[in-house]
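**Student:** build me a model from this:
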Amino acid sequence: MTRHQLAPYRFHAVMAAFLLGCGATSPSSSPPLVWAQLDAGDAATCGVTVNGAGYCWGDPWAAGSSGTSGPVSLPRRVPGNQKWRMIEVGGEIACGLTVAQETMCWGPSWNPSDSQPRPVKGDQGFVAITVGDAHACGLTAAGAAWCWGSEIRGELGLGYPDYLTTRRDSAVQPVGGYTYVAVRAGPESTCGLATNGDLLCWGGSEVEGDGFTPHQVQTGFGFTTLSFGGNIGGRGQVCAIGAGSTLYCFGYQVHSQLSQPIPTAVTFPGPGQPRQAAVGGTWQIPSGYALHQCGVTTTGAVSCWGTNDYGQLGDSSTVDRAIPTEVAGLKNVVSVTAGGLHSCAVTQDGSAYCWGWNGHGQLGIGSMEEYVAWPTPVILSP
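**Tutor:** As a prediction, the model looks like this:
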C-alpha cells in the first residue's frame, strides 16, 4: 500500500476515534476499553483491561479462534471467565496470569487442537510471566525462574542431556539455581537479570553445549530492568536500564567463544530519563531480518528506532532510523511493547494505540490495511 493510499484510512481512523470519544453509539457498540497492560507478539496483540478482562487480536489462534478462522482485526475476549493480571503473546503461544495467581496458556504450540486457556502444570504461583515464540517462563516471588513449552533450541535452560528435547508441558527450572529479579523470553532463547544486575542468557545456539544453560552475558552495569527480543538463530537484542538511569542496548551471541558486544548508551530526544523499553523483530521474506526498539521516558514520550519498512517506528514514515525518533502525536505514555513488525502503547488514561504492519489485524483498528505508520487507537469490537 502506498502512502497516498493511507490518507483516506487515516481520516476514517481519526473520525472513529473522535466518535468514540464523544460517546457516539451504534446499536451494538460498547464504551471504550480502559487498558492496564498490552503485549505485542509476532503477528498478534493481547491485553488486559483495568477490570481484569483479557482480549487478543491478530492471529486467530491468539483470540481463541480455530485454525480455519481468518485474522481478527478487533479486540476479542479471551475464552473463559478468568480475571487476568497480565497476558503475553508470542509466535505460537500466549500465556496469562490470573488475579488468583494461576498461570494459563493457549495456542498452536501448547494446545494444538484446543484454543481454550489451560492451566500450566507445575505452576509455582508466579508473580510475572514472559512468552517467546513457542515457550514461556515464570518468575516466583523468591526470584526462581521456571520455563515450559518448546525446548528445540535449549530455551528452557535444561542443559545436557535434556536440551533439544520435545516441548515440556510442565514447568521446569533452568539449571544453575540463580535468583533473578527479571526474566524475559525471546523467540528462541531466554534472558534473566541476576540480583546483582548481571545479565544471563540461554538457548538459541546450534553449537552443542554452548548456550543451553544460563551463562553470564554482561556484568558490571547494574541493570535494573530488562527487555529482550528479536533473536533468530541465537542472535538476540537486549535493552536494559543500568546505573544512573541509562538505557543500554546491545546484541549478543549465545556461543561461548564469541566475544559479547559492549552495551551502548541510548539517548532519547527531549527531556526525561528512560523508564521502560521494548524490543521487537522478525524475519522478512525475502528481504531479511527486521529489528526495532522503542522506549518510554519519565515525561511520557515514546521514541522508536531500527527497521521501519511497515511504519513500526510510528513516525509517519517508512524510513529506517539509527537513533531514537519520537513517535508522532503520543503523550502521557506509561508503557510500550514491540512485536514482530508492529508496536503498541498504553497511555495514562488507559487508551491503547498501535502502529506498524497490520497484515493479520494485529493493530486492533478494525481494518486489514497493510500498515499504518502512526499511532492509531485500538477500538472495541461491536
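**Student:** how about the strands in the stretch 151-300 of the chain?
**Tutor:** Ranges of strands in the stretch 151-300 of the chain, per DSSP state E, counting those that start in this stretch, are 168-172, 180-185, 190-194, 199-202, 215-218, 225-232, 235-241, 247-253, 264-266, 274-284, 288-297.
**Student:** any idea of the angle the last one forms with strand 235-241?
**Tutor:** Here strand 288-297 runs at an angle of 10 degrees relative to strand 235-241 (axes from the mean of the first three to the mean of the last three Cα atoms, to 10 degrees).
**Student:** outside of stretch 350-357, which residues touch it?
**Tutor:** 32-36, 38, 40, 43, 45, 47, 49-50, 310-312, 314, 327, 330, 339-347, 362-365, 370-378 (Cβ atoms under 8 Å, 6 or more residues apart in numbering). For glycine as for every other residue, the C-beta is placed from the backbone atoms N, C-alpha and C.
**Student:** list buried residues within those.
**Tutor:** 32-33, 35-36, 38, 40, 43, 45, 47, 49, 310-312, 314, 327, 330, 339-347, 362-365, 371-378 (16 or more other Cβ atoms under 10 Å).
**Student:** restricted to strands, list these.
**Tutor:** Residues of these located in strands (DSSP state E): 35-36, 38, 40, 45, 47, 49, 342-347, 371-377.
**Student:** quick one on the thing from earlier: would a markdown table of the strands of the stretch 151-300 of the chain with mean pLDDT and mean neighbour count be doable?
**Tutor:** Formatted as a markdown table, the strands of the stretch 151-300 of the chain follow (pLDDT from 0 to 100; neighbours: other Cβ atoms under 10 Å):
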| stretch | mean pLDDT | mean neighbour count |
| --- | --- | --- |
| strand 168-172 | 94 | 16 |
| strand 180-185 | 97 | 24 |
| strand 190-194 | 95 | 26 |
| strand 199-202 | 92 | 26 |
| strand 215-218 | 88 | 18 |
| strand 225-232 | 83 | 25 |
| strand 235-241 | 88 | 25 |
| strand 247-253 | 86 | 21 |
| strand 264-266 | 95 | 14 |
| strand 274-284 | 90 | 22 |
| strand 288-297 | 91 | 22 |
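**Student:** closest one to residue 148 among those strands?
**Tutor:** Nearest to residue 148 among the strands of the stretch 151-300 of the chain is strand 168-172; the distance by Cβ to Cβ comes to 4.7 Å.
**Student:** contacts for the closest one, please.
**Tutor:** 103, 120-124, 138, 146-149, 151, 156, 158.
**Student:** off-centre distance for it?
**Tutor:** With Cα atoms, centre = their mean, to the nearest Å as the basis, strand 168-172 stands 22 Å off its chain's centre.
**Student:** also stretch 69-88?
**Tutor:** Computed by Cα atoms, centre = their mean, the chain-centroid distance of stretch 69-88 equals 15 Å.
**Student:** circling back: now distance to residue 134 too, for the strands of the stretch 151-300 of the chain, in a markdown table please.
**Tutor:** Output for those, formatted as a markdown table (distance: least, Cβ to Cβ, whole Å):
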| stretch | distance to residue 134 |
| --- | --- |
| strand 168-172 | 11 |
| strand 180-185 | 10 |
| strand 190-194 | 12 |
| strand 199-202 | 15 |
| strand 215-218 | 22 |
| strand 225-232 | 13 |
| strand 235-241 | 16 |
| strand 247-253 | 21 |
| strand 264-266 | 30 |
| strand 274-284 | 14 |
| strand 288-297 | 19 |
